[in-house]
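Asker: after the sequence you'll find the predicted model.
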Amino acid sequence: MKSSYSIAILGGGAAGVFAAIAAGEASPDSEIHVFEKSSTLLGKVLISGGGRCNVTHGCFDPHELVEFYPRGQRELLGPFHKFACGDTMEWFTDRGVDLKIEEDGRVFPVSNQSSTIANCLLEFAERAGVQFHMKSSAKKVEPLEEGGFQVIFDSGETQLFDRVLLATGSSKRMWESVQSMGHHVVPPVASLFTFNIRDPRLKDLAGVSVPLARITLPVGGFETEGPLLITHWGLSGPAVLKLSSFGARWMAQQDYRFHIYVDWVPHISAEDLFDELNGHRKDFDFQRKRVVSNTLYGLPLRLWKTLCAHARIPETANWSDLSKPLVRRLADTLSESSFQVVDKSTFKEEFVTAGGIALEEVNFQTFESRLQPGLFFAGEVLDVDALTGGFNFQAAWTGAWLAGHAMVDSPLHSD
């Protein structure tokens, strides 16, 4: 076992920089080089969370945490027992960054400035002796017979390293490079996207939201619950993003054309809903109320009116005027509104792909290749992705931390 190593980290994003710090702090005598193809380090860190940087999430149980990962649940459970959300928070607070957990569980710097996180990472990378090389794009990584790797750059330059970590995200070029070493790459598809729906029921409802709805995709076998937002192009919000993440690969196979069903009042069963609505016909408190003008179940009035119109409730009808079939139609509309999805739209800057290096080919104790010793991976280059809320960053921090130590043969000890 050597006492120092020359290490190339390809990619200057969150995973690459964090791995460099971990390796540099664990092995001060090693040479840690980070190669970034652009002129900016930590690009996604700077734009994450609307410029505030959603560092991680306040979920501290690894078994609960893995449930937020459509791909990587089983593989990340062990790593999360070694370095998870609480460890990330401790790492930053120990280095002078004050963090806060917001009501929805997302963790941000108290400053509400992503630059606070970026500056911290860069400061401690410098302290760890990390050397950054900007506008330096690697073309290929080749293993050497005697051990180690040569990295070939676009400039034509070739450099030799003991170990290499790929933190290159969805880089087709790097995926091709590892495929030449025998790795399998799961083809990438979009994850975390909103649904494009052309439906007259949604036409004038942009901006309307409900705090809890259930979306079901029976053909694909997916179902989610959560806040739902109506947009100019269709449906968005946490419930849609979660469904798109877990169903990403199936939806891509359908060319993003499929039917969904929305239950606007998921806290009550369809049959109980009918019984309750039907009871309003003879309830003195409801009989003389105009149905369309008096929303129920906390639904926004604009949405309620649209759903009533779809159920063909007359605008002037009171509850006492409704027939049982009309009440049934209203109950069905509230509990099972069908919509045809015709396309997808990427969710703001939170662009995430499902796909990457096949997980069975990676040792998740170290994030080292099972096929090529000395080759490591971290971040979105792997077939791991998560829901919004700081979970994708957490997978990056965890993988980078474990890989950074493993690259310099610095074992981690469990508490």
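Answerer: That came in fine, so what should we check first?
Asker: low-confidence bits of the protein, can you list those?
Answerer: For the chain, applying pLDDT under 70 flags the ranges 1, 347-351, 412-415.
Asker: for it, which helix is longest?
Answerer: Longest helix of the chain, by residue count under DSSP state H: helix 391-407.
Asker: run the chain-centre distance for that helix.
Answerer: Here helix 391-407 is found 16 Å from its chain centre; the criterion is C-alpha atoms, centre = their mean, to the nearest Å.
Asker: please name every helix or strand in contact with that helix.
Answerer: Packing contacts for helix 391-407, counted by 3 or more C-beta pairs under 8 Å, 6 or more residues apart in numbering; DSSP states H and E, involve helix 14-26, strand 56-57, helix 73-82, helix 85-94, strand 163-166, strand 375-377. C-betas here are computed from N, CA, C, even on glycine.
Asker: can you pull the phi/psi pair for Leu359?
Answerer: phi -70, psi -30 (degrees, to the nearest 10).
Asker: same check, this time on the one 4 residues further on
Answerer: The main-chain torsion angles of Asn363 are listed as degrees, to the nearest 10 and equal phi -80, psi 110.
Asker: surely it and Pro373 touch.
Answerer: No - in this structure, Asn363 is not within contact of Pro373 by C-beta atoms under 8 Å, at 9.9 Å.
Asker: not counting its neighbours along the chain, what's nearest Ala26?
Answerer: Of all residues not flanking Ala26 in the chain, Ser410 sits nearest, at 3.7 Å (C-beta to C-beta, 6 or more residues apart in numbering).
Asker: show me the strands in the stretch 51-200 of the chain, by range?
Answerer: Using DSSP state E, counting those that start in this stretch, the strands of the stretch 51-200 of the chain run over 56-57, 99-101, 106-109, 131-134, 138-143, 149-153, 158-161, 163-166, 185-191, 193-197.
Asker: what residues go with each domain of the chain?
Answerer: 6-189+349-407, 192-265+341-346, 278-337 (automatic domain parsing).
Asker: put together CSV for the ones you listed, with distance to Glu271 on each row.
Answerer: What follows is these, written out as CSV (distance: least, C-beta to C-beta, whole Å):
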stretch, distance to Glu271
domain 6-189+349-407, 30
domain 192-265+341-346, 13
domain 278-337, 8
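Asker: could I get these as a markdown table with distance to Asp272 and mean neighbour count?
Answerer: Formatted as a markdown table, those follow (distance: least, C-beta to C-beta, whole Å; neighbours: other C-beta atoms under 10 Å):
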| stretch | distance to Asp272 | mean neighbour count |
| --- | --- | --- |
| domain 6-189+349-407 | 28 | 20 |
| domain 192-265+341-346 | 10 | 18 |
| domain 278-337 | 9 | 16 |
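Asker: who's in contact with the nearest residue to Ala22 once chain neighbours are set aside?
Answerer: Once flanking residues are discounted, Ala22 sits nearest to Gly404: 2.7 Å by C-beta to C-beta, 6+ apart. Going by C-beta atoms under 8 Å, 6 or more residues apart in numbering, Gly404 touches 18-23, 26, 165.
Asker: most remote residue from the protein's center?
Answerer: Residue farthest from the centre of the chain, counting by C-alpha atoms, centre = their mean, is Phe284 at 49.2 Å.
Asker: partners of the residue nearest to Pro266 when sequence neighbours are not counted in the sheet?
Answerer: In this structure, Pro266 finds its nearest non-sequential neighbour in Arg214, 3.8 Å apart by C-beta to C-beta, 6+ apart. Arg214 has these beta-bridge partners by DSSP bridges: Glu225, Asp263.
Asker: Thr306 versus Arg214, what's the distance?
Answerer: The gap separating Arg214 from Thr306 is 18 Å, by C-beta to C-beta, to the nearest Å.
Asker: what of Ala22?
Answerer: Using C-beta to C-beta, Ala22 is found at 53 Å from Thr306.
Asker: please apply the same query to Leu375.
Answerer: Using C-beta to C-beta, Leu375 is found at 55 Å from Thr306.
Asker: show me where the stretch 201-350 of the chain has strands.
Answerer: 209-217, 222-230, 234-236, 258-263, 337-346.
Asker: can you lay out these as JSON lines showing distance to Thr93?
Answerer: Formatted as JSON lines, the strands of the stretch 201-350 of the chain follow (distance: least, C-beta to C-beta, whole Å):
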{"stretch": "strand 209-217", "distance to Thr93": "32"}
{"stretch": "strand 222-230", "distance to Thr93": "30"}
{"stretch": "strand 234-236", "distance to Thr93": "33"}
{"stretch": "strand 258-263", "distance to Thr93": "41"}
{"stretch": "strand 337-346", "distance to Thr93": "33"}
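Asker: right, and the ones you listed - which one's nearest Val189?
Answerer: strand 337-346 (10.1 Å; C-beta to C-beta).
Asker: any idea of the angle that closest one forms with strand 258-263?
Answerer: Here the directions of strand 337-346 and strand 258-263 differ by 120 degrees (axes from the mean of the first three to the mean of the last three C-alpha atoms, to 10 degrees).
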